[in-house]
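Student: What would the 3D arrangement of this be:
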Amino acid sequence: MTLIIALPFISYAVRIGTGWQWLTAVFFTFIPAISITVTLVNWLVTHLIKPCTLPKLDFLQHGIPPECRTMVVIPTLLTHPAEVDSLLKQLELHYLRNPDPQLSFALLTDFADVADTETTDATAVADRQLLTQTQNGIEALNKRYAGQPFYFFHRHRQWNPSENTRMGWERKRGKLHEFNQLLRGRDQTSFTVQIGNLDILPHIQYIITLDADTILPRDGANRLIGALAHPLNQPQFEPHTSKVIAGYTILQPRTQIQSTSANYFFFTRIFAGDTGLDLYTLAVSDVYQDLFGEGSCIGKGIYHVDAFERSLAGRIPENTLLSHDLFEGIYGRAGLVTDIVLYEEFIGLDDNWLPPIIFKRRPAAWSLTARLPPTSGFICCSLSPPTTWVILAPDFSPARLELGQSSAIVRSYMAHHQGMILLALANYLHDNRKCSVPQET
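Tutor: Residues are numbered from 1 along each chain as shown. Next comes the predicted model:
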């Protein structure tokens, strides 16, 4: 369908233009054609196939039962006193909108990365001030509200030779993984600060993880827990393996951009709507859920602690995966709950979410690294049909291996979905040679 839409324009350019002119026409025609095709296919599927709504237990009337105790967490960085104030306010608002006694609310934090040459007395003083401010804020919230529902967990930096810096181990993925380990009584984690009533930690069954700017609406936590706790949504594993064959370990709610943030400036007015390419921030693609019974995880939702850890056990070597949400959703089998909505601020220009050739402060934020076996360009793994096509990799054949090696690191740096398209075009123009954007230091 994409070729049908793009072919007339490309044919016209080939007839009347030179080589560089028709190559330009291909570039500027193919991307809009993909967007039109995706929108059209989604429209047809949603009108021809009955929507699939996941069953839920009703935890609104009588509250969340003790066996479904849940913690709402915000994995983030401590970088500035004003940001700490914002995080504490956000945590308090989550509680006020979802004041169930079986809910707890926590900040999972790291400090910003520092090189050895940047570790000074001034850095240590600033770190201590941020820790003290956050700890005092959590203790003040616990004094203000009954039940002491607020928690603070902070990790120390560790030296990472791969990144040549001191940082929180494995960043956000590491925070959640280590926190899951802490909940199950494993003390060997890098959480050096633990504030709150730690006696409840072994009783936490579910984690709702949110970004710092995500709004969890009123009773949203109860509805998410009711969905994941339903017997028909319980994860089932293949015997003797960690492969999820039915049910879900993760549920991803639909996300919407707040209307108040869509008109900040010209850029947000263009991209705040459903542009067809920006699947990450909108997450309204329930076509996969309706057709295949699986959705895509974008890192904001609820997961079952034990089942989630089992589904990922041994699958991610250290320092090999940064953009981890999609990967975890694939192996943990994520379900899309389109009738539960989270709200977010639109990522603006000052957040540097554009391709690294324009904004270079966070180019590594969307680096994807994977250790792949030699193949003819596809990843062969025991995944369900829809998720097999989600993982992208450059062409990688046995001829590219060093002598004596059975696998190699394939690394690409991209600005999410638009960057994937640009990288694919770059690989094509370079005769399918491995192509990447250099990483900024």
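Student: By average pLDDT, which secondary structure element in the protein comes out worst?
Tutor: None of the helices or strands of the chain scores lower by mean pLDDT, DSSP states H and E than strand 367-372, at a mean of 36.
Student: Give the next helix or strand downstream of the strand or helix carrying residue 175.
Tutor: Using DSSP states H and E, residue 175 sits in helix 171-183. The helix or strand immediately downstream of helix 171-183 is strand 191-195, counting by DSSP H and E.
Student: Direction included, what does that next one pair up with?
Tutor: Applying DSSP bridges, strand 191-195 is found paired with strand 150-155 (antiparallel).
Student: Other residues contacting the partner strand?
Tutor: For strand 150-155, contacts defined as C-beta atoms under 8 Å, 6 or more residues apart in numbering pick out 71, 78, 91-92, 95, 104-110, 131, 134-135, 138, 141-142, 168-169, 174-175, 178-179, 182, 189-197. Backbone N, C-alpha and C define where each C-beta goes, glycine included.
Student: How about stretch 90-104?
Tutor: Residues from elsewhere that reach stretch 90-104, judged by C-beta under 8 Å, 6+ apart: 63-66, 68-72, 74, 105-107, 141, 145, 147, 149-151, 196, 200, 204, 210, 212-213, 215-222.
Student: what about that stretch, how long is it end to end?
Tutor: Stretch 90-104 has an end-to-end distance of 14 Å (criterion: C-alpha to C-alpha, to the nearest Å).
Student: follow-up on the earlier one: now the buried members of the contacts of strand 150-155.
Tutor: In the contacts of strand 150-155, burial by neighbour count holds for 71, 78, 91-92, 95, 104-110, 131, 134, 138, 141-142, 168-169, 174-175, 178-179, 182, 189-191, 195-196, counting by 16 or more other C-beta atoms under 10 Å.
Student: elements contacting the host helix or strand of residue 20?
Tutor: Element membership of residue 20, judged by DSSP H and E, is helix 19-48. Packed against helix 19-48, as judged by 3 or more C-beta pairs under 8 Å, 6 or more residues apart in numbering; DSSP states H and E, are the following elements: helix 2-16, helix 287-292, helix 416-429.
Student: how about it: buried residues?
Tutor: Going by neighbour count (16+ other C-beta under 10 Å), the buried part of helix 19-48 is 22-23, 25-26, 29-31, 33-35, 37-38, 42, 45.
Student: between those, which is nearest residue 159?
Tutor: residue 31 (41.5 Å; C-beta to C-beta).
Student: roughly how far apart are the closest one and residue 16?
Tutor: Note on residue 31: its distance to residue 16, by C-beta to C-beta, to the nearest Å, is 21 Å.
Student: which stretch in the helices and strands packed on helix 19-48 has the least confidence?
Tutor: Least confident of those, judged by mean pLDDT, is helix 416-429 with a mean of 51.
Student: pLDDT on stretch 189-196, on average?
Tutor: For stretch 189-196, the mean pLDDT works out to 96.
Student: Pull the distance from it to the chain's centre.
Tutor: Computed by C-alpha atoms, centre = their mean, to the nearest Å, the separation of stretch 189-196 from the middle of its chain amounts to 23 Å.
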